[in-house]
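S.K.: Compute the structure for the input listed below.
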Amino acid sequence: MMIRKIGILLIVLNLFLLGAQAENSWSQINQELERPEGWGQIVKDLSAFALGEKQPYESDPTIQIRGWGTYPSMDGSTVCVPMAMEFARQWLGLNEEDLKGFVSFSTTPNAYDRLIHNLPNQMVTIMSENTIMDDMHPIDLLIGTEANADEKKEAEAAGKELVYVPVCCDAFVFFINRNNRVDSLTTEQIRDIYSGTATMDEEWGIREVIPHIRDWSEVGGEKGEILAYQRPHGSGSQTAMEELVMKGREIITANENYITGGMAEIVSRVGNYEDSPNAIGYSYLYYLQSLYVDEKIKVIAVDGIEPTAENIQSGRYPYSVRYYAVYEKGNAVAERFVQWAVSDEGQKCIEQAGYIPLR
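M.R.: Okay, here's the model as predicted:
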């Protein structure tokens, strides 16, 4: 068995070297994701979605390659990894050891690239069965945040009509160091922290943008320069910041030291770095509560409204969001699966994974 496991690991490594995306959602998670306490089998009839047949892998007959059958090949946003894990528990009966290899999400921008350009998710395995899933089958379904404007234009240019179906609720939130005494910011204060007025240094001829709000003392905190962290353009978090929060107002171009590559990094910067007491960042509530937990940060209210489940589901919290099941129109496998995901049974499964259901 050990030799077989080494064999499949070598195959996965080769796929990685041959061009699979380097960025992977598991690198952005610091929690052990296991079956929730009191987990139950919600799906009763397992005939609707099942994996296909196995056959020997051509370069190594001791390893099996398996077709996707009637179960959709998925990719998506880091924040939706536990949802995909629960789907695989319910429909395929996969154990916890196998789930990390089977739910191999490549993060939001990479997932949209695969969906738009008919690319496969080449890193999906079922380790206990010594099996690699069909690495030539384009992904059928993306589970995650909505595409940004650039991705939508790219899909249109590629002749792809993407269908977006909301499957659950969450909140886009702002967080600061727990030692910061500020507990709430208004929408306008947030926008003024992340936008500014351009000035020109006449001596050096350098354009500089000065934030409208620069110091925590301007918003009820102790004196100290606000260090506003951002995510890269194209990430799910940055798309929400640009389109949901700023609503067309230009975000200050941050110094590269204040643009964090991964979701985990922005949390670490605000919670643990030397300058963290003055820092602010943003992410999704589910991510902060379930996937990357850091006790050195705190989520703040917006306009005095806290992101509770009730406020999120009702839309009272200003930045309530939805996660989507996204697929190309005409993909029957994906469409059938999404119809189930928004059914009462599907919503119970999503809720069991810790998400806020649509209703």
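S.K.: Tell me where this structure has helices.
M.R.: All helices of the chain, identified by DSSP state H, fall at 2-17, 81-92, 96-102, 108-116, 149-157, 187-194, 236-240, 263-272, 285-286, 309-314, 332-341, 344-352.
S.K.: buried stuff in the last one?
M.R.: By that I understand helix 344-352. Neighbour counts using 16 or more other CB atoms under 10 Å place G346, Q347, C349, I350, Q352 of helix 344-352 among the buried residues. Just so you know, the C-beta spots here come from the backbone N, C-alpha and C atoms, and that holds for glycine as well.
S.K.: One more: stretch 142-160?
M.R.: Across stretch 142-160, burial judged by 16+ other CB under 10 Å covers L142, I143, G144, T145, E146, A147, N148, E151, K152, E154, A155, K160.
S.K.: Which one of these is nearest to K296?
M.R.: Comparing the buried residues of stretch 142-160 against K296 with CB to CB places T145 closest, at 25.4 Å.
S.K.: Quick check: the closest one touching A240?
M.R.: Yes - the pair T145 / A240 is scored as a contact, 6.8 Å apart, by CB atoms under 8 Å.
S.K.: quick one: common contacting residues for the two?
M.R.: Y284, V321 (CB atoms under 8 Å, 6 or more residues apart in numbering).
S.K.: Excluding chain neighbours, what is closest to H117?
M.R.: Leaving out its chain neighbours, the residue that sits closest to H117 by CB to CB, 6 or more residues apart in numbering is A158, at 6.7 Å.
S.K.: Was I right to think that neighbour contacts D113?
M.R.: No - counting by CB under 8 Å, A158 does not reach D113; the two are 10.5 Å apart.
S.K.: Where does the prediction get shaky in the stretch 251-359 of the chain?
M.R.: Low-confidence segments of the stretch 251-359 of the chain (pLDDT under 70): 273-275.
S.K.: Next: the stretch 1-150 of the chain.
M.R.: 1-23.
S.K.: so who does L115 touch?
M.R.: By CB under 8 Å, 6+ apart, the contact list for L115 reads D75, I139, L142, K160, L162, V326, Y327, E328.
S.K.: Count the residues that sit near the nearest residue to the first one once chain neighbours are set aside.
M.R.: Of all residues beyond its chain neighbours, the one nearest D75 is A111 (4.0 Å), with distances taken as CB to CB, 6+ apart. A111 has 31 neighbouring residues, counting by other CB atoms under 10 Å.
S.K.: which residues touch A111?
M.R.: With CB under 8 Å, 6+ apart, A111 has these contacts: D75, G76, S77, F105, I139, L142, G144.
S.K.: would you turn these into CSV with distance to N95?
M.R.: CSV is the format used below for those (distance: CB to CB, whole Å):
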residue, distance to N95
D75, 22
G76, 21
S77, 24
F105, 19
I139, 23
L142, 25
G144, 25
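S.K.: Which one of the residues you listed is nearest to W68?
M.R.: Using CB to CB, those come closest to W68 at I139, 9.6 Å.
S.K.: how close does that closest one get to L291?
M.R.: Separation of I139 from L291 (CB to CB, to the nearest Å) stands at 21 Å.
S.K.: now do I305
M.R.: As defined by CB to CB, I305 lies at a distance of 23 Å from L291.
S.K.: Those two: which is more packed in?
M.R.: The residue with more neighbours, out of I305 and L291, is L291; 24 against 15, by other CB under 10 Å.
S.K.: so who does the more buried one touch?
M.R.: Taking CB under 8 Å, 6+ apart, we find L291 in contact with Q28, I29, N30, Q31, L33, T78, V79, V81, P82.
S.K.: for T308, same thing?
M.R.: Y317 are the contacts of T308 under CB under 8 Å, 6+ apart.
S.K.: How about Y112?
M.R.: Neighbours of Y112 in contact, by CB under 8 Å, 6+ apart: L142, A147, E151, E154, A155.
S.K.: Confirm for me that the first one is in contact with A325.
M.R.: The one in question is L142. Yes - between L142 and A325 there is a contact at 7.5 Å, judged by CB under 8 Å.
S.K.: Dump the contacts of L115 to CSV, plus distance to E37.
M.R.: Output for the contacts of L115, formatted as CSV (distance: CB to CB, whole Å):
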residue, distance to E37
D75, 28
I139, 32
L142, 29
K160, 41
L162, 36
V326, 31
Y327, 32
E328, 37
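S.K.: Show me which positions of the longest strand along the chain end up buried.
M.R.: Ranked by residue count, the top strand of the chain under DSSP state E comes out as strand 162-177. Under the neighbour-count criterion of 16+ other CB under 10 Å, strand 162-177 has L162, V167, C168, C169, D170, A171, F172, V173, F174, F175, I176, N177 buried.
S.K.: Thanks a lot, see you next time.
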